[in-house]
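return atomic coordinates for the entry below.
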Amino acid sequence: MTTSAKLASVVLLSVLALLPGKAPAAAGQAATYHVAPLKGITLTVGSKRAVGYYTTADHACHLTLMLADPYQGTEKTLSEPVRVNLSVREGTSASIDALEGSLDFRCAAGATAMTIQPVQRTAYNAVAK
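Take a look at the predicted model:
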């Protein structure tokens, strides 16, 4: 990755992190986010942070998401973010899996809104007898 691409990724992450994201639907329920087109999304999935937005075209939600390790002020270097581009047709859903969890995306009819559901997954290990 070139220096200018790295700088552009850091700038994008910084700008999107400052944009107002959406809050969970209710404090007692599992976090469900409702997002409008071109509104910033800031999420946590396992130990990763995700920021992004989506646009609408051709009856689909076109999602751009950057996944990265959280910034620690004491670290000298940052891990490189990963950009994910995903198209979700209206009325359907898709998911992105990370090592410690997943994000489920559902595009509303007419691609007027997107619902995001973070899912924490824990591997099951049966004890052998």
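
looking at this protein, which helix or strand is least sure?
Confidence across the helices and strands of the chain bottoms out at helix 3-18, with a mean of 47, counting by mean pLDDT, DSSP states H and E.

where does the protein have low pLDDT?
Filtered on pLDDT under 70, the chain yields the residue ranges 1-30, 75-78, 121-129.

residue 99: how many residues sit nearby?
Residue 99: 9 surrounding residues under other Cβ atoms under 10 Å. (Each C-beta comes from the backbone N, C-alpha and C, glycine too.)

leaving out chain neighbours, which residue sits closest to it?
Closest residue in space to residue 99, ignoring its immediate chain neighbours: residue 46 at 6.0 Å, by Cβ to Cβ, 6 or more residues apart in numbering.

quick one, what contacts the one you found?
Counting by Cβ atoms under 8 Å, 6 or more residues apart in numbering, residue 46 touches 98, 99, 100, 101, 120.

and for residue 88?
Applying Cβ under 8 Å, 6+ apart to residue 88 gives the contacts 60, 61, 63, 94, 105, 106, 107, 114.

which stretch of helix or strand covers it?
According to DSSP states H and E, residue 88 maps onto strand 82-89.
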